[in-house]
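Novice: Model the structure of this input:
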Amino acid sequence: MTSNLVSVILPVHNGADYIHEAIASVLGQTYLDFELIIIDDCSTDATVNIIQSFQDTRLRLISSHKRLGICNALNIGLKNANGLFIARMDADDICHPSRLERQILFLQKHQNIGFCGSWVQRFGEKQHPQRSCVPVGPMRVKAFAVYDNPMVHSSVMLRRKVLQNVEPVYRDDFAHAEDFDLWTRLLKEIEGDNLSETLLDYRVHNQSVTVQKSEAMDRTACRILKRQLNFFGLNITQNEVMQHRRWATGRLDYDNISQDIEAAEKWLIRLLEANLKSLACDPNAFLWATRKIWFALCYKVQAAGQPIMQRFLHSPISRGDWKAGLVLLGAITKRRL
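Specialist: Take a look at the predicted model:
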């Protein structure tokens, strides 16, 4: 295996509860030629002491005595990185031992791919272990980005050169969805992909950004999605963007469920038709992504029984998607037993 230096960027603020396990998972990689850059963002707990307890020359600690925020901390890490490849890592996640090796091999084999993530396993005290299968294939990654973030940030590895003309890399005004903002900017020029392997354990807990900043994340994601939808040549209102975000993340108005499902279906059909005209995304890939969203919405209202099954079967979105239809039928049938 050709030796390539990787810089692993790990920002942390008050991460004493989980940082030891995160660091140990990076230092225990089967791929050895890397540096681990930890940016301590003004922690007031035992984080720094835990970091300094590791005696490994590959670990570099950068300490800030004033709060930087995630975007500034990441940008400082990037400026201090020496690697040809940049790997992201969060202070509360756990790398599988072969993560770096598998991603390096993938990028060496696929020179057209500028950055790649992987499937992850979500876990936590109140989270039953569950595999999260993000899109695989460059066209599907790009298509899914019209609906939601196609990658898990802490699973991503990038070629350093793809960031050369991106300034700033992480933008503070897109905090809480800074990675989604970055991927969508990069996907205009280069291809991104995900490995269909679980290479990271993603911890879910009450202090995570996803939980603590969900409303702020929604607002920022809507700004990104409006930018994405503009490529379809549609005059999108702010209310439509907000509905698009809600449906894309599987949230329905259960007080008006029949009307909401009908409105979601019409919206998704509108997007499919607009894409056929604009060719903003590969049509087959965009149909795949749209079907994923539509199936998830129908599955959430499986309690409706036969009416939702009929809507799914006769919808232009899912017509002919027999595999998904059988899964939905099985769920409805099981619920009745």
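
Novice: three-state assignment of the nearest residue to residue 89 once chain neighbours are set aside?
Specialist: With sequence-adjacent residues excluded and distances taken as CB to CB, 6 or more residues apart in numbering, residue 89 is closest to residue 10, at 4.5 Å. C-betas here are computed from N, CA, C, even on glycine. At residue 10 the chain is in strand, as set by DSSP: H, G, I helix; E, B strand; the rest coil.

Novice: Residue 18 is in contact with residue 10, correct?
Specialist: No: applying CB atoms under 8 Å, one finds residue 10 not in contact with residue 18, separated by 11.4 Å.

Novice: Is residue 92 located within a helix, as I assumed?
Specialist: No: under three-state DSSP, residue 92 falls outside any helix and is assigned coil.

Novice: picking up where we left off before, for the residue nearest to residue 89, the count of nearby residues, please.
Specialist: Neighbours of residue 10 under the rule other CB atoms under 10 Å: 26.

Novice: Please apply the same query to the one 3 residues further on.
Specialist: Residues contacting residue 13 under the criterion other CB under 10 Å number 19.

Novice: any idea how far it lies from residue 298?
Specialist: Using CB to CB, to the nearest Å, we find residue 13 at a distance of 40 Å from residue 298.

Novice: Report whether residue 198 is found in a helix, as I expect.
Specialist: No: with three-state DSSP as the criterion, residue 198 is assigned strand and is not in a helix.

Novice: low pLDDT regions in the stretch 151-300 of the chain?
Specialist: For the stretch 151-300 of the chain, the stretches with pLDDT under 70 are 207-212.

Novice: For stretch 174-194, measure first residue to last.
Specialist: End-to-end span of stretch 174-194 (CA to CA, to the nearest Å): 23 Å.

Novice: Can you read off the pLDDT for the residue nearest to residue 89?
Specialist: Per-residue confidence for residue 10 comes out at a pLDDT of 98.

Novice: so who does it touch?
Specialist: When contacts are counted by CB atoms under 8 Å, 6 or more residues apart in numbering, residue 10 is found next to 22, 23, 26, 36, 37, 38, 39, 77, 88, 89, 90, 91.
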